[in-house]
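In: I would like to see how this sequence folds:
(one chain, ligands or ions: 1)
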Amino acid sequence: MAESEKEAALPPKEAFSDWYNELLWMAEIMDVRYPVKGLYVWYPFGFAIRRNTYSIIREILDNSGHQETLFPLLIPENEFMKEAEHIKGFENEVYWVTHGGKDPLDIPLALRPTSETAIYPMYKKWVRSHADFPLKLYQIVNTFRYETKHTRPLIRLREITSFKEAHTVHATWEDAEAQVKEAIGLYTEIYRRLAVPVLRSRRPDWDKFPGADYTDALDAVMPDGKTLQIGTVHHLGDNFAKTFDIKYEAPDGEQRYAHQTCYGISERSIAATISIHGDDKGLVLPPEIAPVQVVIIPIIFKKGAEEVFAACKDVQERLKKAGIRVEVDASDLRPGAKYYKWEMKGVPLRLEIGPRDLQNNVAVAVRRDTGEKDQITLLEIEAGVRLKFEAIQKSLYEKAGSELESRIFDCVDLDEVKEKIQEGVATIPWCGKRECGLAMEDHIGAGILGIPLTPRSKGKEKCPACGEETETRVYVARTY
Ligand SMILES: Nc1ncnc2c1ncn2[C@@H]1O[C@H](COS(=O)(=O)NC(=O)[C@@H](N)CS)[C@@H](O)[C@H]1O
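Out: Predicted coordinates for the structure are as follows:
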């Protein structure tokens, strides 16, 4: 896209919604002009962020006993309509294929909104004995949900382009519970690698995944104080095993129903990373997922231009050899325009090399996240750049962590909750009874997000709805 087109200024980040929409365009992440609501197009630069993000997800899953696979997109109606709870949850969201060419299909085919009903008929054919467990498969696919709420790129799509779904099978309910805990740990690690701190909570029963025994979720707190659900882990019990007849021979020779979990992450992982780390100048990317990790800017004067260009090329070659993604911006843009362009793209580190730096055998290093400027000797440019990446990663995670903590408010009553959820997440006591939870939600005009997996109890307190004594505090928040 021509530089001139992008002269329109990026709104300040505190105008978060406009900032977010403009940034997706100006940093060339996604083009929202595709002529179908809720479907968007990845620009190559944005897709490179996705590739780097999902290679972290693959690494963490592959290193924890998961195997990647791929199931069909189309699900026959008779399979889709098997699990009653699941149907109730998805019947208003599923897209149907009814024709092949001009021929009406004898069985309508669902575009997968999620793949339980594609995978579990196959699990029934594969699972025989307890020796087959744990079965831990995942796929990274597009899924389709006819979302009726406001669609937004990377946040709420009708075609979820980057849906990582894992589906595991175990002998007992307890084994599946242990898998849920493992998955929560893996998701927390994935988000640590993206320098995104998360709230982890058990969703209230009325908000769990359709067909699950319970749902644990990871939420990010976005700059506007609303939470974004960026990962969910579901304990499915033997609900789907009974529906799809997934049985195994137990060590005692008995035939038993299996127990299952499933857990998902989508491109919301990228939405959270962009939103939490970005600033008024554009993207701020954790080095590990930045498509360009270092940009080298030659500082050119009439005298010594050749030497400077040669030195920049040499540094680029050395960094490339060290596995670093690096560009030299030798364009004829003036330096200020170059800084603007690469800061918008969130390049974590800028190196400036001019004649004087050559004499001192250094490069000037400028961090994108803090703007801090100092020198790295050219002799150890690879090690110096790596050290900068570590400092940036640590600083991003710490800064986001304290920002998150500053947005959690332990409230004394529902009126304070109403006020505080405009800025972030409130906690309030809850006895755990459904009618009290729903009554509190009505009063507040926002939902119970969940019961923290790490309790935030302040000792014995009273449920605001019924006055019963409780030691549990729950998160309450506005959500995307
Ligand atoms: N319309 C959507 N656009 C983008 N991401 C979405 C959308 N709907 C759900 N997600 C993301 O996908 C994750 C998994 O979706 S889910 O419905 O909670 N869970 C499942 O579908 C289970 N089968 C586990 S994969 C959610 O936590 C959320 O982060």
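In: just the helices in the stretch 351-480 of the chain please.
Out: 355-359, 381-406, 414-420, 434-444 (DSSP state H, counting those that start in this stretch).
In: Which among these is found nearest to the ligand?
Out: helix 381-406 (17.5 Å; CB to the nearest ligand atom). Placement of C-beta: from N, CA and C, glycine included.
In: in the closest one, what's buried?
Out: In terms of neighbour count (16 or more other CB atoms under 10 Å), helix 381-406 has its buried residues at 381-382, 384-386, 388-389, 391-393, 396-397, 399-400, 404.
In: and of those residues, the nearest to Arg456?
Out: Leu404 (13.1 Å; CB to CB).
In: so the closest one makes contact with Pro223?
Out: No: Leu404 lies out of contact with Pro223 (CB atoms under 8 Å); the separation is 11.1 Å.
In: Determine the number of other residues adjacent to the residue of the stretch 351-480 of the chain found nearest the ligand.
Out: Residue of the stretch 351-480 of the chain nearest the ligand, by CB to the nearest ligand atom: Tyr480 (9.3 Å). The number of residues packed near Tyr480 is 19, by other CB atoms under 10 Å.
In: For the closest residue to it other than its chain neighbours, list the residues it contacts.
Out: Computed as CB to CB, 6 or more residues apart in numbering, the closest residue to Tyr480 that is not its neighbour in sequence is Leu228, at 4.7 Å. For Leu228, the contacting residues are 155, 219-220, 222, 268, 271-272, 275, 479-480, by CB atoms under 8 Å, 6 or more residues apart in numbering.
In: Filter those down to the ones in strands?
Out: In strands, judged by DSSP state E, the following of these are found: 219-220.
In: May I see the contacts of Leu228 arranged in a markdown table, with pLDDT as well?
Out: A markdown table is the format used below for these (pLDDT from 0 to 100):
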| residue | pLDDT |
| --- | --- |
| Ile155 | 98 |
| Asp219 | 98 |
| Ala220 | 98 |
| Met222 | 98 |
| Arg268 | 98 |
| Ala271 | 98 |
| Ala272 | 98 |
| Ser275 | 98 |
| Thr479 | 97 |
| Tyr480 | 96 |
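In: Tell me, how many residues neighbour the residue in the stretch 251-400 of the chain positioned nearest to the ligand?
Out: Proximity to the ligand, evaluated over the stretch 251-400 of the chain using CB to the nearest ligand atom, is greatest for Gly264 at 2.5 Å. By other CB under 10 Å, 23 other residues sit near Gly264.
In: Just list the residues touching it, thanks.
Out: 114, 163-166, 231-232.
In: likewise Tyr263?
Out: 165-166, 180, 183, 187, 231-234.
In: and the closest residue in space to Pro223 that isn't next to it in sequence, how many neighbours does it have?
Out: Closest residue in space to Pro223, ignoring its immediate chain neighbours: Phe16 at 4.8 Å, by CB to CB, 6+ apart. Neighbour count for Phe16, taken as other CB under 10 Å: 17.
In: Give me the pLDDT value at Phe16.
Out: We have a pLDDT of 98 for Phe16.
In: Run a quick check on it versus Ala271, I expect a contact.
Out: No: between Phe16 and Ala271 there is no contact under CB under 8 Å: 11.8 Å.
In: that older thread, now do the same contact list for the residue of the stretch 351-480 of the chain closest to the ligand.
Out: 152, 155-156, 222, 226-229.
In: And for Asp329?
Out: Asp329 touches 295-298, 338, 341-342, counting by CB under 8 Å, 6+ apart.
In: Met440 too?
Out: Remark: with contacts taken as CB under 8 Å, 6+ apart, Met440 is in contact with 414, 428, 430, 448, 464-465, 476.
In: got the residues of the stretch 201-350 of the chain near the ligand?
Out: Neighbours of the ligand within the stretch 201-350 of the chain, by CB under 6 Å from any ligand atom: 209, 229-232, 234, 262-264, 266, 268.
In: From these, which land in strands?
Out: Per DSSP E, these map to strands at 229-232, 234, 262-264.
In: What is the nearest of those residues to Ala171?
Out: Cys262 (16.9 Å).
In: Just give the nearest non-adjacent residue to that closest one, would you?
Out: His167 (4.7 Å).
In: which stretch of helix or strand covers the one you found?
Out: Counting by DSSP states H and E, the element that carries His167 is strand 159-170.
In: and that strand, which strands flank it?
Out: Paired strands of strand 159-170, with direction, are strand 135-144 (antiparallel), strand 259-265 (antiparallel) (DSSP bridges).
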